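In: heads up, no residue letters with this:
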């Protein structure tokens, strides 16, 4: 299972915590932004427009390659990149797991999740354990298999 972790840049350490849980759940973390030492707000401000475009393209490609997107939301400090990544994930058909940070508000959450075809929420950040992720991954795999079998049966029945 390929997983992208989206959150505001200032929550990079929490993203790394989640990445460890994802790995313990035997999945692959495809997001790389949180592993790079240069991923800081201060360094981002010094980047050229071309470099920022390249970073955005890399994140887009990683999101589009994921089956699951874990979104750590709340207290984004005015930053909106993670919400854009969630939108890309929804468009790409990723299963969205919405996980509130301690300062999260539910205001925009429902609007984004209603656009997703497949999503889960957790009540608290510390509930995002490897065991919880394993259950999510099983549901995603089951849904994909069911869709594939249904599609194959429909093609056979209706040509």
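Out: Okay, I see it. All values derive from a computational prediction rather than experimental measurement.

In: buried sites along stretch 20-39?
Out: With burial defined by 16 or more other CB atoms under 10 Å, the residues of stretch 20-39 counted as buried are 21, 22, 25, 27, 29, 30, 31, 33, 34. Heads up, the C-betas are built off the backbone N, CA and C, glycines and all.

In: Okay, and which of the residues you listed map to strands?
Out: Taking DSSP state E, the ones among the buried residues of stretch 20-39 that sit in strands are residue 29.

In: Check the buried residues of stretch 20-39 and tell me the two furthest apart.
Out: Greatest spacing in the buried residues of stretch 20-39, by CB to CB: 25 and 33 (20.2 Å).

In: still on that earlier bit, between the buried residues of stretch 20-39, which is nearest residue 80?
Out: Proximity of these to residue 80 was ranked by CB to CB; the top entry is residue 33 with 14.7 Å.

In: what about stretch 59-75, average pLDDT?
Out: The average pLDDT within stretch 59-75 is 92.

In: first to last residue in it, what's the distance?
Out: As for stretch 59-75, its first-to-last residue distance stands at 21 Å under the measure CA to CA, to the nearest Å.

In: Going by neighbour count, list what's buried in that stretch.
Out: Neighbour-count burial for stretch 59-75, with 16+ other CB under 10 Å as criterion, is recorded at 59, 62-63, 66-75.

In: And stretch 137-146, by the same measure?
Out: When neighbours are counted by 16+ other CB under 10 Å, the buried residues of stretch 137-146 are found to be 137, 140.

In: Other residues contacting that stretch?
Out: Contacts to stretch 137-146, defined as CB atoms under 8 Å, 6 or more residues apart in numbering, come from residues 1, 25, 27, 67, 68, 95, 118, 120.

In: which residues sit in contact with the fourth one?
Out: Meaning residue 67. Under the criterion of CB under 8 Å, 6+ apart, the contact list for residue 67 reads 1, 2, 3, 94, 95, 140, 144.

In: hang on, the earlier thing: check the contacts of stretch 137-146 and tell me the two furthest apart.
Out: 25 and 118 (17.5 Å).
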